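[1] Need a 3D model of the sequence below.
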Amino acid sequence: MLELAILGFLAEGPLPGHELRRRVSSLTGFTRPVSDGSLYPAINRLAKAGLLERQADPRAGAARYVLSPTRAGRADMLRRLREPADHEITDFTRFSTILSFLSQLPDVAQRHAVLRRRLAFLEEPASFFYDGDRPMSAEQVADPYRRGLLLTARATSRAERAWLHEVLDEKAPDSP
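    This is a model prediction of the structure:
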């Protein structure tokens, strides 16, 4: 997801490394802090793979550079958005990263296919806690903190499902 965030932000325009770090940290830092020890190796991997390029920053001199995606980098980002792995659909933080850049996919049908996968996941009965194979609801859990977790998750899931239905049920702009 770090690599997707890097490519996604760079697809919006070239950035110096420190600005890219600030943007990635703003997106994911509340749950998964981004350190220089993870960001810069990811940048180097992407550059080595030919997915992004470094160019001298004309405003700051040759010692500083800006990053931008290559054509292959943009194609890789679009592939990652179009075909997220199952764990990227089911994990809230990973899906948030996908959602942050989903508008980069030019095809609405492809964007909607990703959203339908997320909606299908959210509509399956699930819980953090089980009685055998049966998911437990907040009302079935005695522990007040676990109940709080389940109630919060339920509210978040309801809000997300409502938004997904709203987006997926919209008529296309050129539809009658």
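
[2] Give me the packing partners of the longest helix seen in the chain, helices and strands only.
    For the chain, the helix reaching the highest residue count under DSSP state H is reported as helix 144-169. Contact analysis of helix 144-169 by 3 or more C-beta pairs under 8 Å, 6 or more residues apart in numbering; DSSP states H and E lists helix 108-123 as its packing neighbours. Where you see a C-beta, it was placed from the backbone N, CA and C, and this is true even at glycine.

[3] Check which residues of stretch 154-168 are buried.
    Buried positions in stretch 154-168, judged by neighbour count with 16 or more other C-beta atoms under 10 Å: Glu160, Leu164.

[4] Just the CA atoms of that stretch, as PDB, please.
    As requested, the backbone C-alpha atoms of stretch 154-168 are provided in PDB (Å, rounded to 0.1, in the frame of the first residue of the first chain):
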ATOM      1  CA  ARG A 154     -21.300  -1.700  13.000                       C
ATOM      2  CA  ALA A 155     -21.800   2.100  12.600                       C
ATOM      3  CA  THR A 156     -18.800   2.500  10.400                       C
ATOM      4  CA  SER A 157     -19.900  -0.500   8.200                       C
ATOM      5  CA  ARG A 158     -23.400   0.900   7.900                       C
ATOM      6  CA  ALA A 159     -22.100   4.300   6.800                       C
ATOM      7  CA  GLU A 160     -19.700   2.800   4.300                       C
ATOM      8  CA  ARG A 161     -22.400   0.500   2.900                       C
ATOM      9  CA  ALA A 162     -24.800   3.400   2.500                       C
ATOM     10  CA  TRP A 163     -22.200   5.500   0.700                       C
ATOM     11  CA  LEU A 164     -21.300   2.500  -1.600                       C
ATOM     12  CA  HIS A 165     -24.900   2.000  -2.500                       C
ATOM     13  CA  GLU A 166     -25.300   5.700  -3.200                       C
ATOM     14  CA  VAL A 167     -22.300   5.700  -5.500                       C
ATOM     15  CA  LEU A 168     -23.100   2.400  -7.200                       C
END
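
[5] Helices of the chain, residue ranges please.
    Listed in chain order, the helices of the chain (DSSP H) span 2-11, 17-28, 36-48, 71-82, 86-90, 92-101, 108-123, 144-169.

[6] Next, the angle helix 36-48 makes with the second one.
    Between helix 17-28 and helix 36-48, the angle comes out at 110 degrees (axes from the mean of the first three to the mean of the last three C-alpha atoms, to 10 degrees).
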